[in-house]
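S.K.: show me how the following folds:
(one chain, ligands or ions: 1)
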Amino acid sequence: MYSDILKIIPEDRVKANEEMKWHTSFQIGGPVDLMLFPGNCGELRELIKYCRGKSTAFFVFGLGSNLLVRDKGFRGVAIKTNGLNSYSIMGENIIAEAGVSLSELARIAADNSLSGLEFAEGIPGSLGGAVVMNAGAYDGEMKSVLLEVAAIDAKGNEKIFKSHEMKMGYRSSIFQEEDYIVASATIELQRGIMKEIKAKMEDFAIRRREKQPLDLPSAGSTFRRPEGFYVGPMLEKMGLKGFRIGGAEVSRKHAGFIVNAGNATASDVLKLIEYIRAKAQEQYGVNLQPEVRILGEE
Ligand SMILES: Cc1cc2nc3c(=O)[nH]c(=O)nc-3n(C[C@H](O)[C@H](O)[C@H](O)COP(=O)(O)OP(=O)(O)OC[C@H]3O[C@@H](n4cnc5c(N)ncnc54)[C@H](O)[C@@H]3O)c2cc1C
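M.R.: Predicted coordinates for the structure are as follows:
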C-alpha cells in the first residue's frame, strides 16, 4: 500500500500512526494508520481513487474544528486538505481550493472590497469543511455565497455542483449526505466598501471573543440547535455550566460549548455529551443531536 501511495505523493507528505489530537481544535483523538497530505486537487483525486479501489477505509478533513475522533483512533487513512491552499480572484468571485482557511478567505475578500463573507470571520475551519457543514454565523451561511463546488464522487470522478444542486440546509449539504469530497469552490460576492466590510468583521470578532471560550480547545457548538430552543441558555438553566467529566467540561463562558479543560479524552467528551442529552430529554423533552462529527474506532 505504502509504495503505491508514494507514486502519488512524496514520502514527506505521508505520516504513519499520526495522532489526530495534533490535527483537531479539541486537541483530542487517537492515531490514524496513515495520514496523507495532498498538495493539489489532482493528488487528492488520485488518493481517493486509490483508497476506494483498494476498499481502504478513509476520511477527508480540513482543520479539524468540528471533529471528535475517538481515543483508539481510526483504522485506515486520513487525508488532510491543508496543502490544497491556492485561490484566485476573478472579478467579484473567489475560486479557492478546499484547504484554504475560511477566515483567511474572509480577510482576502475584505482586502479586495468584496462583501458577503463577513460572517466567516472567526470560523476556524477550512473552505471544504465549511461547504460540507454549510457553516454559518450571525447574518450569513455558506449557502448564500456558493456559486459552484467541484466535488469528487465515489468513483473518484469530479462533479460540478451548481448552487441549486447542493441541498444546503442547517449545517447540512448534499456533500455530507452522499459522501462527496469537496475539492474546490467558487464563492460569489458583491463589491462593497472595504471600511464597512472590515468594521462588520471586527464587530463579529468582538462578539465571539465576548461570548465564546476561545482560550480553551473545543470543537465549537457541541449540539445542533433544536427547534424552539437555544442550547447554551437551556444548559445554563439546567445548571450544567462548569459540569465536568474527566477533562471535558461544559464551558463556564458558553454552555453550548464543551471544552477540553485539561487532558480530556474523547471518552470524557462522549460521556459528557450523553449525560447532557439524557438531562435535556428528561427536563425539556428535547432530543439533542451532536453537531460535532464523531468518528473512529469504538
Ligand atoms: C471556536 C469555534 C467556533 C466555531 N464557530 C462556528 C460558527 O460560528 N459556525 C459554524 O458553522 N461552525 C463553527 N465552528 C465549527 C467549525 O469551525 C465548522 O464546522 C467548520 O466549517 C469545519 O471546518 P473544518 O475544515 O475544520 O472541518 P473538519 O472538522 O476538518 O471536518 C468536519 C467534517 O467535514 C468533513 N470534511 C472536511 N473537509 C472536507 C472536504 N474537503 N470534503 C469532504 N468532507 C470534508 C470531515 O470529514 C468532517 O466530517 C466553530 C468551531 C470552533 C472550534
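S.K.: so how far is the ligand from Gly39?
M.R.: To the ligand, Gly39 is 14 Å away according to CB to the nearest ligand atom, to the nearest Å. Any C-beta I mention is one placed from the backbone N, CA and C, and that applies to glycine too.
S.K.: same question, Glu196
M.R.: 21 Å.
S.K.: go on, Met35?
M.R.: 12 Å.
S.K.: list the contacts for the closest residue to that residue other than its chain neighbours?
M.R.: Counting by CB to CB, 6 or more residues apart in numbering, Met35 lies nearest to Glu18, which is 4.0 Å off, once chain neighbours are set aside. Residues in contact with Glu18, defined by CB atoms under 8 Å, 6 or more residues apart in numbering, are 31-32, 34-35, 78.
S.K.: among the residues you listed, which are located in strands?
M.R.: Using DSSP state E, 31-32, 34-35, 78 are the members of the contacts of Glu18 that sit in strands.
S.K.: now these: which count as buried?
M.R.: Among the ones in strands among the contacts of Glu18, those scoring as buried are 31-32, 34-35, 78 (criterion: 16 or more other CB atoms under 10 Å).
S.K.: output the contacts of Glu18 in TSV; the columns should cover distance to Arg13 and pLDDT.
M.R.: What follows is the contacts of Glu18, written out as TSV (distance: CB to CB, whole Å; pLDDT from 0 to 100):
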residue	distance to Arg13	pLDDT
Pro31	17	98
Val32	14	98
Leu34	11	97
Met35	9	98
Ala78	13	98
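S.K.: quick check, nearest of those residues to the ligand?
M.R.: The ligand lies nearest to Ala78 out of the contacts of Glu18, by CB to the nearest ligand atom, at 8.8 Å.
S.K.: residues contacting the nearest residue to the closest one once chain neighbours are set aside?
M.R.: Among residues not flanking Ala78 along the chain, Val32 sits closest, at 4.2 Å (CB to CB, 6+ apart). Residues near Val32 by CB under 8 Å, 6+ apart: 17-18, 20, 69, 73-74, 76-78.
S.K.: which parts of the stretch 151-298 of the chain sit against the ligand?
M.R.: Contacts of the stretch 151-298 of the chain with the ligand, taken as CB under 6 Å from any ligand atom, map to 175, 181-182, 212, 214, 218-220, 293.
S.K.: low-confidence stretches in this protein?
M.R.: Low-confidence segments of the chain, defined by pLDDT under 70: 1.
S.K.: and it, what are its domains?
M.R.: 2-80, 87-197, 213-295 (automatic domain parsing).
S.K.: and the closest residue to the ligand within the stretch 151-298 of the chain, how many neighbours?
M.R.: In the stretch 151-298 of the chain, the residue that lies nearest the ligand is Gly220 (2.5 Å; CB to the nearest ligand atom). Neighbour count for Gly220, taken as other CB atoms under 10 Å: 20.
S.K.: again, but for Leu47
M.R.: Neighbours of Leu47 using other CB under 10 Å come to 23.
S.K.: quick one: it is in a helix?
M.R.: Yes. Using DSSP: H, G, I helix; E, B strand; the rest coil, the assignment for Leu47 is a helix.
S.K.: show me the residues of the stretch 151-298 of the chain next to the ligand that map onto strands.
M.R.: Going by DSSP E, the strands hold 181-182, 218-220, 293 from those.
S.K.: could you check how far the residue nearest to Met35 is from the ligand?
M.R.: 14 Å.
S.K.: that older thread, okay if I get the contacts of Glu18 as CSV plus distance to Arg252?
M.R.: Output for the contacts of Glu18, formatted as CSV (distance: CB to CB, whole Å):
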residue, distance to Arg252
Pro31, 31
Val32, 32
Leu34, 38
Met35, 34
Ala78, 32
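S.K.: nearest to Leu117 among those residues?
M.R.: Ala78 (27.7 Å; CB to CB).
S.K.: beta partners for the closest one?
M.R.: Going by DSSP bridges, Ala78 is paired in beta bridges with Met35, Phe59.
S.K.: can you tell me how far the residue of the stretch 151-298 of the chain closest to the ligand is from Ala255?
M.R.: 13 Å (CB to CB, to the nearest Å).
S.K.: kindly report the same for Arg244.
M.R.: Distance, Arg244 to Ala255, using CB to CB: 13 Å.
S.K.: so these two - more neighbours on which side?
M.R.: Ala255 (25 against 17).
S.K.: the residue lying closest to that one once chain neighbours are set aside: neighbour count?
M.R.: Excluding the flanking residues, the one nearest Ala255 by CB to CB, 6+ apart is Leu235, at 3.8 Å. Neighbour count for Leu235, taken as other CB under 10 Å: 26.
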